[in-house]
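> How does the following fold in three dimensions:
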Amino acid sequence: MLALFNERATRLETQQKEHERINARYKNTIHDLEQSVIAEAERLQEEYERKVSSHEIALTQLQDQINQLIAEKRIVEDALETERVSNKEELKEQKKTVFHLEGDMKKLEDERSQLYRQNQSLMDAVDDLKARTRRLDQLEEENQKLHLEVQLLRREKETFENRLQEQVELAVLRERSTQQNKQ
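Prediction:
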């Protein structure tokens with residue numbers, strides 16, 4: 001029994017050592033796992049903080065960009081509003097100019113019509129004057145012809161009167177000579 005007891009004690013001791021060894025290994029493994037988990041947790045915490053910091057920086061940059069875009073949007077909207085008002089005023093001025101130009105064009109068309117009528121009247125007067133000038137030229141030619149005819153007739157008359165006078169004188173001389181011969 002003692003032998004059995006010793007054998008059993010030896011076996012228990014061996015089991016106890018094996019159990020202690022397993023327990024030590026278990027504790028070492030647990031310790032290593034705990035250290036690994038702590039190290040991984042610290043690494044993850046640092047990475048998280050780095051990412052949070054990076055995201056905060058990116059968020060700040062994005063917020064700055066948004067603020068800048070909002071400011072630029074306001075500037076563009078103000079510029080567009082100013083340009084819209086300016087264009088509205090310019091359009092109003094251009095409409096006034098077009099209205100005045102249309103009025104001027106109407107006046108010019110009326111003046112053109114009046115000038116056309118005056119021109120037509122002048123052309124009619126010029127045509128009338130040309131006709132009168134032609135008639136005057138014809139009358140002057142006729143007058144010159146008549147004047148020449150009158151001069152010719154005067155010369156003929158003078159010639160006729162001179163011949164008549166000569167014939168009268170000759171007749172008187174013959175008559176005298178015949179009377180002298182009868183006496």
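
> And N143, how far from E149?
Counting by Cβ to Cβ, to the nearest Å, the separation of N143 from E149 is 10 Å. The C-beta positions use only the backbone N, C-alpha and C, and glycine is treated the same way.

> oh sorry, the question was meant for A24
A24 is 174 Å from E149, where distance means Cβ to Cβ.

> Same question for F99.
F99 is 73 Å from E149, by Cβ to Cβ.

> Give the residue spans of this structure that score low on pLDDT.
Within the chain, the segments meeting pLDDT under 70 span 183.

> again, only this time at 90
When residues are selected by pLDDT under 90, those of the chain lie in 1-26, 30, 33, 156, 160-183.

> hey, where'd the helices end up in it?
Taking DSSP state H, the helices of the chain run over residues 2-182.

> Which residue lies nearest the spatial centre of it?
Q94 (12.2 Å; Cα atoms, centre = their mean).

> intersection of neighbour lists for N143 and E149?
Shared contacts of N143 and E149, defined by Cβ atoms under 8 Å, 6 or more residues apart in numbering, are absent.

> May I have stretch 107-115 as PDB, with CA atoms only?
Coordinates of the C-alpha atoms in stretch 107-115 are reproduced here as PDB (Å, rounded to 0.1, in the frame of the first residue of the first chain):
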ATOM      1  CA  LYS A 107     -38.100 112.400 -88.400                       C
ATOM      2  CA  LEU A 108     -35.500 111.500 -91.000                       C
ATOM      3  CA  GLU A 109     -38.000 109.500 -93.000                       C
ATOM      4  CA  ASP A 110     -40.400 112.400 -92.900                       C
ATOM      5  CA  GLU A 111     -37.700 114.800 -93.900                       C
ATOM      6  CA  ARG A 112     -36.700 112.400 -96.700                       C
ATOM      7  CA  SER A 113     -40.300 112.200 -97.900                       C
ATOM      8  CA  GLN A 114     -40.500 116.000 -97.800                       C
ATOM      9  CA  LEU A 115     -37.100 116.300 -99.600                       C
END
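
> How far off centre is that stretch?
Put simply, stretch 107-115 sits 29 Å off its chain's centre (Cα atoms, centre = their mean, to the nearest Å).

> Appreciated, that's everything.
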